[in-house]
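Undergrad: structure of the sequence below:
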Amino acid sequence: MPNEKANPAKEATTEATAAPAKEVRATGKKPEVKKPPYYVAPGKSLTSLKGILSGDTADEVKAEYLAGGKEAVDAFVKSGHVLKG
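TA: Numbering: from 1, shown residues only. Modelled structure (predicted):
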């Protein structure tokens, strides 16, 4: 469209999202995503002080998010609801 102005923010976003796609096409593998030290296991969810943490998006779990603190994190790791990164 001739009346459309260039949007630098949109162009930067497009370039940022295109880089991982180029890597996937070049190598045939998805880039390795660094996981947080503790995260919710896939298919699980936790109710925390921060809100509902989902395993579908591998939300980070911190001791300050849970009422029981570090002991609660350790208990969730033992039960398999939280995984170590």
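Undergrad: give me the phi and psi angles of the residue nearest to V77 when sequence neighbours are not counted.
TA: Using C-beta to C-beta, 6 or more residues apart in numbering and skipping residues adjacent in sequence, the residue nearest V77 is K84, 6.6 Å away. To be clear about C-beta, it is placed using only N, CA and C from the backbone, and glycine gets the same treatment. Reported as degrees, to the nearest 10, the phi and psi values for K84 are phi -90, psi 140.
Undergrad: now K78
TA: The phi/psi pair for K78 (degrees, to the nearest 10) is phi -60, psi -40.
Undergrad: then Y65?
TA: According to degrees, to the nearest 10, the main-chain angles of Y65 amount to phi -80, psi -20.
Undergrad: what are the contacting residues of stretch 71-84?
TA: Defining contact as C-beta atoms under 8 Å, 6 or more residues apart in numbering, one finds that stretch 71-84 is touched by 35, 37-41, 44, 46, 61-63, 66, 68.
Undergrad: next, the buried residues of that stretch.
TA: Judged by neighbour count using 16 or more other C-beta atoms under 10 Å, the buried positions of stretch 71-84 are 72-73, 76, 81-83.
Undergrad: ok, now stretch 32-39?
TA: Neighbour counts over stretch 32-39 (16+ other C-beta under 10 Å) mark 38-39 as buried.
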